[in-house]
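# model this:
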Amino acid sequence: MAFCPKTLDYEKSPYTGLTRESWLEACEYMMEGIFANIASFSDPVVMPRKETKVTYPHSADAVWEFKAEYFEGLTRTFFIAAPLIHSNPEFTANGYRLRDYYKSHILRSCTKGDPVCVGTFDELVELVGDKNRTFQQTVETCALVICLWICKEEIWDTYTKAEKDVIAKFLSDYAHANTVPQNWRLFNMLDLAFLHMEGYPIDEDIMRCHGQAILAYYAGDGWYRDGHSFDYYSCWAFNVYAPIWNQWYGYEKEPWLAKRFEENSNRLMETYDRFFDRDGFTNMWGRSNIYRNAATSPFDGNMMLKNWTANPGLARRISSGSLMQFMSREDFLYKGVPTLGFYGQFTPLVQGYSCAESPFWLGKAFLCLHLPADHPFWTAKETNGVWDKMGEKEVTVTALDGPALCVSNHQANGETILRNGKVVKRMTDQHGMWNYSRLSFNTKYPWEAEPKGTEPGEEAMTGLVESQQYVMKDLTSGEIERCNVTFWHGQKDDVLYRRQFFNYCLEKESHWIQAVNLADFTVPCGIMRADKLRMFRYTADLTLGSYGFPDNGTEVIRLERDGAKAIVLKGHDATGREKQMAMTVYDGWDDIDLIHSEGTNPDSEKSIVIYGKTRREKPYGYEPFVLISQVITKESLEDFAEDEIFPVASIRYTDPQKCGGYGPITITLKDGTERVIDFDGMEGKMML
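This is a model prediction of the structure:
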């Protein structure tokens, strides 16, 4: 059953109606679903697992994985339980008083020899036989200390000194031990800060070492680089944990670092609201998409700072909109707990480091409930940022060179589109390419896995078409190549420039790797592309797919005007919401077609991807280099105007052959908009 809030106030919250009471009701809804799966008070938080091949525990012999699962279940559900316990200490679920359950299981999880002990650091080292290993438990200790802080009076303060010492010893061992050199350092930092705050000794040099390393990952515009990539970890890790660390430790003990963390969080607040759409929807982008609306937690993180700058009414509007994006759907839960998916169960999204309890990381969104009822986050009237200011067909574009992210907010359809760069994935990492290497990510059209070709005659295209990605088949070798690396050049005169390489590897110089220079710009309902092939041998078939379209009974319309071809899809998503998409191909493309699929779309079991296709047969022939296409969408079945589907009035090339081999290309749209595509100078500014 979907969540339906009982308490609504459309005067204070004109966009969502949600209040602090609504959020507490959501906590209760989640906890009731969780505890419906816990048979007895002594049982750990182990939830039903629908998917068993990708997620852990991977083997019955991997004892340490079962222990990690126990801890994930306990600490991540605690994100939701802790503010509820603090607000209502007597709340019960399935007959258990939450306060009693978590108090008992926290102590037991840290007590060596207890049946639900999640493993001390030394115990796990002995189990795996590797003292240099890192363990999932380090991640979860951080969740534990945050939640102990949120409901300190109800749980932590009620332990005896001896019980606190057991927990502190457990935390200290992980806090001072191995960690992963990326966002994980923050887990150690918060463990150490909590211990320091509670009067336990810590190694301040270790703390300082982690702090300087975290700051060194900062890339600008409020974003941190996590590993190689940029994704929501910059937001739900760096920009939540660093502000908490400031409050617990940094302001007092490391003021220089704390000042920088504060500045970076405030810089994020300048543009972060634009990453969500008019409804507050979160984009499905990057890894760990099962964490969903945890992407809203940096707003709360910012408000933990001494000098915070977030707009409270806008922050609550986005947080509530994203909450309902997921919790209002019937397919969000499996046996009372969030699915391993984005909406319903969606295995192509799932990663091996997750277990059935991992989705409760989304509980970080509920940390806003630590803010008291009289805080501006709860009292300010909801506002909707740039969406309240734009004209009917206006688009707001925000390009950030630091993290190589460009977001566009489209008033005509209410959608937000993300275009990213600085992406490096192994050529065999198809999952990584789905998460990062899309040409664009749309809040209303979450990414589609590789389409299957389920209709007669489509089987041959399986593996040759990807949603919002180029796929190349070499006509000489028969090898199929995808773009695993994206360089960022930046935006110039309203055109965003990037470069993607097919099957990029360090063993080859880039001149021997097929590539495409990307140039794209916004139109009211989507993105227009004018990409240029950069190939060392032009003997290949090439396709480019649209977004995946949920197929719950879809009308397909084929159109052609002045040599341009288009396919329009009209239908509904799994919730019954009206959907419409059109893809148009212009110069450089031979034809346009579509492929049906099953089990590859996060929203619906069946789906459709439109794709353009073209072939180049001459190794060095002077054939069309530039591929011009457009994908537009809307959330209604009202027909697109013809000038929206076929918006181009003229295309002017520099070369007389009109192939785009050299010189600027000028695209003039029927509404008078003119865009000049000029790849000159890209080679001198390619950023990873």
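# A strand includes V609, no?
Yes. Assignment of V609 by DSSP: H, G, I helix; E, B strand; the rest coil places it within a strand.
# can you count the residues close to it?
30 (other Cβ atoms under 10 Å). For every residue, glycine as well, the C-beta is placed using N, CA and C.
# Then K606?
Neighbour tally, K606, other Cβ under 10 Å: 18.
# Touching, it and N552? I think so.
Yes. Using Cβ atoms under 8 Å, K606 is in contact with N552, at 7.1 Å.
# How is the protein partitioned into domains?
The chain is divided into the following domains under automatic domain parsing: 20-385, 395-684.
# May I see those domains organised as JSON lines, with distance to P14 and mean pLDDT added?
Shown next, in JSON lines, are the domains of the chain (distance: least, Cβ to Cβ, whole Å; pLDDT from 0 to 100):
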{"stretch": "domain 20-385", "distance to P14": "6", "mean pLDDT": "97"}
{"stretch": "domain 395-684", "distance to P14": "16", "mean pLDDT": "97"}
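# Let me have those in CSV, extended by distance to S13.
Listed next are the domains of the chain as CSV, based on distance: least, Cβ to Cβ, whole Å:
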stretch, distance to S13
domain 20-385, 5
domain 395-684, 18
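# residue nearest the centroid of this structure?
In the chain, the centroid-proximal residue (Cα atoms, centre = their mean) is W285; its distance is 3.6 Å.
# The closest residue in space to that one that isn't next to it in sequence: what's it in contact with?
Using Cβ to Cβ, 6 or more residues apart in numbering and skipping residues adjacent in sequence, the residue nearest W285 is F441, 4.4 Å away. For F441, the contact set (Cβ atoms under 8 Å, 6 or more residues apart in numbering) comprises 283-285, 417-420, 447, 468.
# On the C-terminal side of the helix or strand hosting L195, identify the next helix or strand.
Using DSSP states H and E, L195 sits within helix 185-197. As assigned by DSSP H and E, the chain's next helix or strand after helix 185-197 is helix 204-216.
# ok, and what's touching that following helix?
176, 179, 181, 183, 185-186, 188-189, 192-193, 224, 238, 242, 245, 249-250, 253-254, 257, 260-261.
# In helices only, show me those.
Counting by DSSP state H, the contacts of helix 204-216 place 185-186, 188-189, 192-193, 242, 245, 253, 257, 260-261 in helices.
# on that earlier part again, for L8, which of the domains of the chain is the nearest?
domain 20-385 (6.7 Å; Cβ to Cβ).
# quick one: that closest one to chain centroid distance?
16 Å (Cα atoms, centre = their mean, to the nearest Å).
# ditto for stretch 408-426
On Cα atoms, centre = their mean, the centre of stretch 408-426 falls 11 Å from that of its chain.
# quick one: buried residues of that stretch?
408-425 (16 or more other Cβ atoms under 10 Å).
# Can you check the distance spanned by that stretch, start to finish?
28 Å (Cα to Cα, to the nearest Å).
# and if you look at stretch 500-516?
Termini of stretch 500-516 sit 5 Å apart (Cα to Cα).
# Now tell me what touches that stretch from outside.
Residues contacting stretch 500-516 (Cβ under 8 Å, 6+ apart): 424, 427, 437, 470, 472, 474, 479, 481-487, 499, 518, 531-537, 540, 627.
# Tell me which residues of it come out buried.
500-504, 513-516.
# Need these in TSV (columns: secondary structure and distance to D639).
As requested, the buried residues of stretch 500-516 are exported to TSV (DSSP: H, G, I helix; E, B strand; the rest coil; distance: Cβ to Cβ, whole Å):
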residue	secondary structure	distance to D639
Q500	strand	34
F501	strand	39
F502	strand	37
N503	coil	41
Y504	coil	42
I513	coil	43
Q514	coil	39
A515	strand	38
V516	strand	32
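# Let me know the closest of the residues you listed to D374.
Nearest to D374 among those, with distances taken as Cβ to Cβ, is Q500, at 50.2 Å.
# Phi and psi next, for F549.
phi -110, psi 120 (degrees, to the nearest 10).
# residue contacts, it?
Per Cβ under 8 Å, 6+ apart, neighbours of F549: 445, 569, 571, 579, 581, 607-610.
# Tell me the bridge partners for it.
I608 (DSSP bridges).
# Also V395?
Going by DSSP bridges, V395 forms beta bridges with H410.
# That one touches N413, doesn't it?
No. V395 lies out of contact with N413 (Cβ under 8 Å); the separation is 10.2 Å.
# could you pull out the strands for the stretch 401-550 of the chain?
405-410, 415-420, 423-424, 441-442, 470-474, 480-492, 495-502, 515-523, 526-534, 540-545, 549-550 (DSSP state E, counting those that start in this stretch).
# ok, now how distant is Y497 from I417?
In this view, Y497 and I417 are 16 Å apart by Cβ to Cβ, to the nearest Å.
# Equivalent analysis for L8, please.
30 Å.
# list the contacts for T134?
178-180, 184.
# Kindly write the PyMOL command that selects the buried subset of the ones in helices among the contacts of helix 204-216.
Here is the PyMOL command that selects the buried residues among these (16+ other Cβ under 10 Å):
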select buried, resi 185+186+188+189+192+193+242+245+257+260+261
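# tell me which of the ones in helices among the contacts of helix 204-216 is nearest to W378?
Using Cβ to Cβ, the ones in helices among the contacts of helix 204-216 come closest to W378 at A242, 23.4 Å.
# shouldn't the closest one be in contact with N266?
No. Counting by Cβ under 8 Å, A242 stays clear of N266, with 11.7 Å between them.
# what comes up buried for the lengthiest helix in the chain?
Secondary structure assigned by DSSP H gives helix 63-87 as the longest helix of the chain. Buried positions in helix 63-87, judged by neighbour count with 16+ other Cβ under 10 Å: 64-87.
# Output the contacting helices and strands for it.
Contact here means 3 or more Cβ pairs under 8 Å, 6 or more residues apart in numbering; DSSP states H and E; on that basis helix 63-87 packs against helix 20-35, helix 98-110, helix 121-128, helix 136-150.
# got JSON lines for these, with distance to I167 too?
Putting the helices and strands packed on helix 63-87 into JSON lines (distance: least, Cβ to Cβ, whole Å) gives the following:
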{"stretch": "helix 20-35", "distance to I167": "22"}
{"stretch": "helix 98-110", "distance to I167": "5"}
{"stretch": "helix 121-128", "distance to I167": "14"}
{"stretch": "helix 136-150", "distance to I167": "8"}
